[in-house]
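1. I would like to see how this sequence folds:
(chains A and B)
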Protein chains: 2
Amino acid sequence: MSVLVVGSVALDNVRTPYGEVKESLGGSCCYASVAASYFAPTAIVGVVGGDFPKRHLALLDRHGIDRQGLQVEKGGRTFRWTGYYEYEMSQAHTLNTELNVFADFRPEIPEALRRSEFLLLGNIDPDLQMEVLRQMKRPKLVLIDTMNFWIGGKREALLRVMKQCDVALLNDAEARQLCDTPSLHKAAKRLLQLGLKRVVIKKGENGCLVVSASDVFTAPAYLLEVIRDPTGAGDTFAGGFIGYLAGAKRLDDATFRKAVVVGTAMASFTVQDFSLKRLDRLEMPEIQERCARVRAQAEIPAVRLTARRKPVLG
Amino acid sequence: MSVLVVGSVALDNVRTPYGEVKESLGGSCCYASVAASYFAPTAIVGVVGGDFPKRHLALLDRHGIDRQGLQVEKGGRTFRWTGYYEYEMSQAHTLNTELNVFADFRPEIPEALRRSEFLLLGNIDPDLQMEVLRQMKRPKLVLIDTMNFWIGGKREALLRVMKQCDVALLNDAEARQLCDTPSLHKAAKRLLQLGLKRVVIKKGENGCLVVSASDVFTAPAYLLEVIRDPTGAGDTFAGGFIGYLAGAKRLDDATFRKAVVVGTAMASFTVQDFSLKRLDRLEMPEIQERCARVRAQAEIPAVRLTARRKPVLG
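-> Next up is the predicted model:
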């Protein structure tokens, strides 16, 4: 079945201790769609300006990504983000955000894409996420991503759209903020009460916590000694996750666990190089091998205990 | 084989959002030895004052813990710790520490205990840890615990004693501080270069990372909705871990993974009540079941991927 990704398309200027890139391909739409495209037919809805480089369009084409929903504002400039990461790579520092054509983005889903079965609502204004949902024709699964900016500024609208979704994707700080509790387990349970079927709480290098009514799953992150550029890790995770689900035969707890591992594996490739460089040239055997490594890293042998009679003392 | 635990014996005054206890049994020696006693014969070396309550000695006796190495300073007062935890339970706030007889503690290992095969060097002055090691007769495995206080103040002495140990136990902040890197994976590798065979980095609710020359293992914490009192979780983990190893037939990577799960399970019981209340009355079937739950929570089904031919576009 097919995946539709709605989100940002950006030109990124990123500096990390391992180097620097300028005007490189970025944005949630690009990371997520390329990741998903390895597992299912994938389309995007987003917006770019007339300055958007042809080489970036060529990259999307190379992955067979349907871009009929990518609006091109000829007279406008593409969304740009400039930031850096220091020694401690878990925190992005923003130097400059130019929304440009993204500021007036109104997602329009082309008729042919309205029947996409798997929808990834990338991190945009919750009101726009709701407009996307209204245009869709009964998607089988809706995955919603968000960020602290909307939790703080548009909480009610965000909760309204979340109620219409199946799976929510948040990081740990966002889950705590949205649910007003330090316990991630409690936060997840509260989100399930909203009507969500599953909650995925991302914890960076600590993996993620996935909770449904019938399952609690703690997944590891894949351990890498060198992370060159963390940009896009979360979006890649989301794309790999929904792409795997769209290609799967069923949607039970075990399938979701596997989808988390596929998302984790895909994200681990993204952070090994800048922009989409690594994601652009993956082969299925190496994805398969990375998934096996994630699994091996977390594997627990069965523990069998026998009662021991303690001596009576004193 | 038998376990010897060297560390603190304390009277704790603890307040959490779930209640309060006064003069309750605490200290690394007590949590660790009671946890270990479920799996192997266990002895302690520590010090208390003449004021140490008989009911606490009775608890140790109930678990068959050999306390010939517990020095009783008749005229002195027992080590006391007063602290509290707030809503966010991951951080202990100390109100008062009275070292009392613990200030002049010089561990003396009784002759009969010097041949203990498994030694847990609890968090005490690294010079004292070294003195303990000197008194031992070729232990099979030495597990060393420490804290930020010694990493900052006695770094060289700590590194010296670590070189003589097999397994080091640190939390994430301590590992970063000791190895001067934000990457826990790198920190673990640097500690292995010291001569340690295995490093266990505890990450609280995010489980732990265990690294040896041949294995990288990410273990989850057991998810609890309610944590009543986190005091002693790390020491209980250490005790369950070394106790399981002492009772095991071999010491390969798989056995260490199981020992981590047993430590995790035991710690999850400790935090469900104050002091050693829960740890005092465990039955083997519930420990076995908790281990199975930890395992189920982290279990990853095998992922099988098939290459997808992407359409040629553009």
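2. check which helix or strand covers the residue nearest the centre of chain A.
-> The residue lying closest to the centre of chain A (Cα atoms, centre = their mean) is residue A:238, at 2.6 Å. Take DSSP states H and E as the rule and residue A:238 turns out to sit in helix A:233-247.
3. which residue is the nearest non-sequential neighbour of residue A:302?
-> Nearest non-adjacent residue to residue A:302, counting by Cβ to Cβ, 6 or more residues apart in numbering or on different chains: residue B:295, 6.9 Å away. All C-beta atoms are positioned from the backbone trio N, CA, C, and that covers glycine.
4. name the helices or strands packed onto the helix or strand hosting the one you found?
-> If you go by DSSP H and E, residue B:295 is part of helix B:284-298. Where contact means 3 or more Cβ pairs under 8 Å, 6 or more residues apart in numbering or on different chains; DSSP states H and E, helix B:284-298 is packed against strand A:216-219, helix B:253-270.
5. what lies in contact with that helix?
-> Residues from elsewhere that reach helix B:284-298, judged by Cβ atoms under 8 Å, 6 or more residues apart in numbering or on different chains: A:216-220, A:298, A:300, A:302-308, B:38, B:219-220, B:222-223, B:261-262, B:264-266, B:268-269.
6. buried among those residues? Need that as a selection in PyMOL.
-> Per 16 or more other Cβ atoms under 10 Å in any protein chain shown, the buried members of these correspond to this PyMOL selection:
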select buried, (chain A and resi 216+217+218+219+220+298+300+303+305) or (chain B and resi 38+219+220+222+223+261+262+264+265+266+268+269)
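7. pipe the helices and strands packed on helix B:284-298 into a markdown table and attach distance to residue A:173 per row.
-> Listed next are these as a markdown table, based on distance: least, Cβ to Cβ, whole Å:
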| stretch | distance to residue A:173 |
| --- | --- |
| strand A:216-219 | 18 |
| helix B:253-270 | 24 |
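8. so which residues on the stretch 101-250 of chain A come close to chain B?
-> A:182-186, A:189, A:203, A:205-207, A:209, A:216-221, A:223-225, A:247 (Cβ under 8 Å from any Cβ of the partner chain).
9. any idea how far apart the tips of stretch A:302-311 sit?
-> 28 Å (Cα to Cα, to the nearest Å).
10. from the middle of its chain, how far away would that stretch be?
-> 44 Å (Cα atoms, centre = their mean, to the nearest Å).
11. tell me the pLDDT of residue A:312.
-> Per-residue pLDDT puts residue A:312 at 72.
12. so is the residue lying closest to residue A:310 once chain neighbours are set aside in a helix, a strand, or just coil?
-> Sequence neighbours aside, residue B:64 is the residue nearest to residue A:310 in space, at 3.5 Å (criterion: Cβ to Cβ, 6+ apart). Secondary structure, DSSP: H, G, I helix; E, B strand; the rest coil: residue B:64 is coil.
13. distance from the worst-scoring helix or strand of chain A on mean pLDDT to the middle of the chain?
-> Least confident helix or strand, chain A: helix A:148-153 with a mean of 89, by mean pLDDT, DSSP states H and E. On the basis of Cα atoms, centre = their mean, the separation between the geometric centre of helix A:148-153 and that of its chain is 18 Å.
14. how about stretch A:204-222?
-> The answer for stretch A:204-222 is 14 Å, by Cα atoms, centre = their mean.
15. please apply the same query to stretch A:225-242.
-> Distance, centroid of stretch A:225-242 to centroid of chain: 8 Å (Cα atoms, centre = their mean).
16. ditto for stretch A:39-54
-> So, by Cα atoms, centre = their mean, the centroid of stretch A:39-54 is 16 Å from its chain's centroid.
17. give the buried residues for it.
-> So for stretch A:39-54, counting by 16+ other Cβ under 10 Å, buried means A:39-49, A:51-52.
18. tell me if it is near chain B.
-> Yes. Stretch A:39-54 lies within reach of chain B by Cβ under 8 Å from any Cβ, at A:39, A:40, A:41.
19. which residues touch the last one?
-> Read that as residue A:41. By Cβ under 8 Å, 6+ apart, the contact set of residue A:41 is A:2, A:3, A:64, A:66, B:311.
20. now render the residues you listed as TSV, adding neighbour count and distance to residue A:126.
-> Output for the contacts of residue A:41, formatted as TSV (neighbours: other Cβ atoms under 10 Å in any protein chain shown; distance: Cβ to Cβ, whole Å):
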residue	neighbour count	distance to residue A:126
A:2	17	24
A:3	31	21
A:64	18	30
A:66	24	25
B:311	12	33
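21. between those, which is nearest residue B:234?
-> Using Cβ to Cβ, residue A:3 comes nearest to residue B:234 of the contacts of residue A:41, at 43.6 Å.
22. Three-state assignment for residue A:90, please.
-> Classified using three-state DSSP, residue A:90 is coil.
23. burial of the nearest residue to it once chain neighbours are set aside, as a residue count?
-> Distance criterion Cβ to Cβ, 6+ apart; nearest residue to residue A:90, sequence neighbours excluded, is residue A:204 at 5.5 Å. When neighbours are defined as other Cβ atoms under 10 Å in any protein chain shown, residue A:204 has 16 of them.
24. just the pLDDT for residue A:89.
-> In this model, residue A:89 is scored at 78, pLDDT.
25. same question, the one 10 residues further on
-> Reading off the confidence values, residue A:99 has pLDDT 93.
26. and what of residue A:92?
-> 88.
27. distance of it relative to residue A:86?
-> 10 Å (Cβ to Cβ, to the nearest Å).
28. same question for residue A:213.
-> 41 Å.
29. now do the contacts for residue A:144.
-> A:121, A:129, A:161, A:162, A:165, A:167, A:168, A:169.
30. could you look up the SS state of it?
-> strand.
31. for it, give the beta-bridge partners.
-> residue A:121, residue A:168 (DSSP bridges).
32. looks like residue A:310 contacts residue B:37 (just checking).
-> Yes. Assessed by Cβ atoms under 8 Å, residue A:310 is found in contact with residue B:37 at 6.1 Å.
33. give me the common contacts of those two.
-> Residues touching both residue A:310 and residue B:37 (Cβ under 8 Å, 6+ apart): B:63, B:64.
34. ok, those two, which is more surrounded?
-> For residue A:310 versus residue B:37, the count of surrounding residues by other Cβ under 10 Å is larger for residue B:37: 26 against 15.
35. quick one, what contacts the residue nearest to that one when sequence neighbours are not counted?
-> Leaving aside its chain neighbours, residue B:37 sits nearest to residue B:63 (4.2 Å; criterion: Cβ to Cβ, 6+ apart). Taking Cβ under 8 Å, 6+ apart as the contact definition, residue B:63 lies against A:310, B:33, B:34, B:37, B:38, B:42, B:280.
36. what about residue A:73, how many residues close to it?
-> 18.
37. how near is the residue nearest to it when sequence neighbours are not counted to chain B?
-> The shortest distance from residue A:73 to any residue other than its chain neighbours is 4.4 Å, reached at residue A:101 (Cβ to Cβ, 6+ apart). Going from residue A:101 to chain B by Cβ to the nearest Cβ, to the nearest Å gives 21 Å.
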